[in-house]
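# The sequence and its predicted three-dimensional model are supplied below.
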Amino acid sequence: MKVLLLQDQVYLPSLGGGNKSSRLLLEDLASKGHDCLAFCPALTTRAGPTSYTDLVIEIAKRGADLQLSADHCYGYSYRGVRVELTGLRSKRDIQDQARKRIERFKPDWILVSDDKRRLLLEPAVQSDASRVVQIIQTVVHLPFGPLSHRVSRRQADLMRRARKLVVISNFVKRYIRDHGQLDSIISYLPVYGRGPYRNLGNFSQGHLTMINPCIEKGLDIFLQIASKLPELPFAAVPTWGTDDRATLSLVSRQNVQIIPPEDDLDEILGKTRVLIVPSIWFETFGYIVVESMLRGIPVVASDIGGLPESKLGVDYLIPVNPAIRSNNAFLCPAQNISPWIGALTQLLSDYEVYDRCSMQSQSAATKFLRKTRAHSLTNLLLSLNIAKS
């Protein structure tokens, strides 16, 4: 089976849940003997290479050899997957290059991940809609409904033509049904690795950690918590959403340490006592929640979007007031911090409470992992391929 991924985020480093899950999906398929190609942008504005020099360094430190091709593309192979990166920026140029990859590679399946910039679904569907599977991992980038950043009837029509729409939570499945009148299937991406997962929960030491500190992910809540608990050590791991304003606000707190992102989450989670996920936008699911729970780390998270699903019935969901969007930017409305302080105080002052949450988290996440393997996107593609032939 030949699989082509069209993605409008960089391939490496994969610091966000969406591009990490897409990368691991291709690696999973490649490990099973399938021919996989990814077509992605070469550069980004942050949380990845912003220049050709950065790109060379990022790829070289992973043991890959970056090569420049004649059509303004770069290429390398990584863990059995061929990756081609476009250095062009215009919509027409990127779409033309995507079409060339489809024509040349002749994939059995074309996977389009989110398509935030509305660039890649069009050439995929125009090539052969019966081979297109769109993977939807970010609800705000959908072209319809009250949470959409940019409503587009044309993009919605392209989605209707795709063979399958794959979502990663019941929350998004309901949203697509109610606001787009579209059917979708829940399927899980192999984002959690193979294990075994050591229990990294540590009642007595470690940081209270937040991943991707930015307004929409609940930076203001995190900062207020850190101010209310000055005796405790906090950590923030900047990724795609962290801008200069967020960085300045973090370094101004004496009890907040900034930790660089890592491909290997164990490096970060091994120093984490409790994970704080204070999102105020509608998370599609929350991969990091399950990844932390697999390692026995208690998670205190917002009760919004798909985060309740990712908590898997384990305690410590906190109500929040959703973000307000104004002039293409998110604003944080007033929040009640008391429930966050209460939950953290309970976890960090009573060993039995912490240990019980740690064990329940790891048990629930382990059961969920078995479910994800049974209903994986890899299995879905294989079944569709059999049906097609």
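Yes, it's here.

# Give me the helices and strands touching the host helix or strand of T372, please.
Counting by DSSP states H and E, the element that carries T372 is helix 351-374. Under the contact criterion of 3 or more C-beta pairs under 8 Å, 6 or more residues apart in numbering; DSSP states H and E, helix 351-374 touches helix 287-294, helix 338-349. For glycine as for every other residue, the C-beta is placed from the backbone atoms N, C-alpha and C.

# Of all the ones you listed, which one is nearest L380?
Of all the helices and strands packed on helix 351-374, helix 287-294 sits nearest to L380, with 18.4 Å by C-beta to C-beta.

# V133 against I110, yeah?
Yes. If you go by C-beta atoms under 8 Å, V133 and I110 touch, sitting 7.2 Å apart.

# So between the two, which is more surrounded?
Between V133 and I110, counting by other C-beta atoms under 10 Å, I110 is the more crowded of the two (30 against 22).

# which stretch of helix or strand covers the closest residue to that one other than its chain neighbours?
Nearest residue to I110, sequence neighbours excluded (C-beta to C-beta, 6 or more residues apart in numbering): A124, at 4.5 Å. A124 belongs to helix 121-128 when assigned by DSSP H and E.

# downstream neighbour of that helix in the secondary structure list?
strand 132-136.

# Helix 121-128 and that next one, what's the angle between them?
160 degrees (axes from the mean of the first three to the mean of the last three C-alpha atoms, to 10 degrees).

# strands paired with strand 132-136, and their directions?
strand 109-113 (parallel), strand 164-167 (parallel) (DSSP bridges).

# Just give the number of residues close to L219.
Neighbour tally, L219, other C-beta under 10 Å: 25.

# Let the chain start at 28 from now.
In the new numbering, first residue 28, that becomes L246.

# picking that back up, tell me how far the helix holding T399 lies from the chain's centre.
In terms of C-alpha atoms, centre = their mean, to the nearest Å, the centre of helix 378-401 is set 21 Å apart from its chain centre.

# likewise stretch 261-268?
The answer for stretch 261-268 is 14 Å, by C-alpha atoms, centre = their mean.

# and what of stretch 53-66?
Relative to where its chain is centred, stretch 53-66 has its mean C-alpha point 19 Å off (C-alpha atoms, centre = their mean).

# Identify each buried residue in that stretch, please.
53-57, 61-66 (16 or more other C-beta atoms under 10 Å).

# Give the rounded mean pLDDT of it.
What stretch 53-66 shows for mean pLDDT is 95.

# Stretch 362-378 too?
97.

# What segments of the protein are helices?
With DSSP state H as the criterion, the chain has helices at 44-58, 79-87, 118-132, 148-155, 180-188, 197-207, 246-255, 271-278, 293-296, 314-321, 334-337, 365-376, 378-401, 404-415.

# so which of the ones you listed is the most packed in?
Sort these by mean neighbour count, taking mean count of other C-beta atoms under 10 Å, and helix 314-321 sits at the top with a mean of 26.

# outside of that helix, which residues touch it?
44, 47-48, 218-219, 222, 224, 238, 292, 296, 299, 302, 304, 326, 328, 334, 337-339, 341, 388-389, 391-393, 395-396 (C-beta atoms under 8 Å, 6 or more residues apart in numbering).

# which phi and psi does V178 have?
When read as degrees, to the nearest 10, the backbone of V178 gives phi -70, psi 140.

# And this protein, split by domain according to the record?
Using automatic domain parsing, the domains assigned to the chain come out as 29-217+400-415, 234-393.

# will you turn those domains into CSV that also has distance to G228?
CSV is the format used below for those (distance: least, C-beta to C-beta, whole Å):
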stretch, distance to G228
domain 29-217+400-415, 22
domain 234-393, 4
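
# Go through the ones you listed and find the least confident stretch.
domain 29-217+400-415 (a mean of 92).

# what's the spacing between stretch 104-117 and its chain's center?
19 Å.

# Give the buried residues for it.
Buried, per 16+ other C-beta under 10 Å, within stretch 104-117: 105-114.

# before we move on, what about stretch 140-150?
140-143, 145-150.

# Could I get the residues you listed in TSV, plus columns for distance to F249?
As requested, the buried residues of stretch 140-150 are exported to TSV (distance: C-beta to C-beta, whole Å):
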residue	distance to F249
S140	28
D141	25
D142	30
K143	25
R145	32
L146	33
L147	33
L148	34
E149	38
P150	40
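
# so, if you compare the residues you listed, which one comes nearest to E85?
Using C-beta to C-beta, these come closest to E85 at S140, 19.4 Å.

# Specify the beta-bridge partners of that closest one.
Beta-bridge partners, per DSSP bridges, of S140: Q34, I162.

# Could you do L235 as well?
Going by DSSP bridges, L235 forms beta bridges with F261, V301.

# Could you count how many residues lie near it?
By other C-beta under 10 Å, neighbour count at L235 equals 24.

# my guess is it meets V301, correct?
Yes. Using C-beta under 8 Å, L235 is in contact with V301, at 5.1 Å.

# just to revisit the earlier point, hmm, which two among the buried residues of stretch 53-66 are most spread apart?
Across the buried residues of stretch 53-66, no pair lies farther apart than D55 and F66, at 18.4 Å, counting by C-beta to C-beta.

# can you list contacts of stretch 75-92?
Applying C-beta under 8 Å, 6+ apart, the contact partners of stretch 75-92 are 37, 39-40, 42, 69-71, 93, 101, 103-105, 112, 114, 267.
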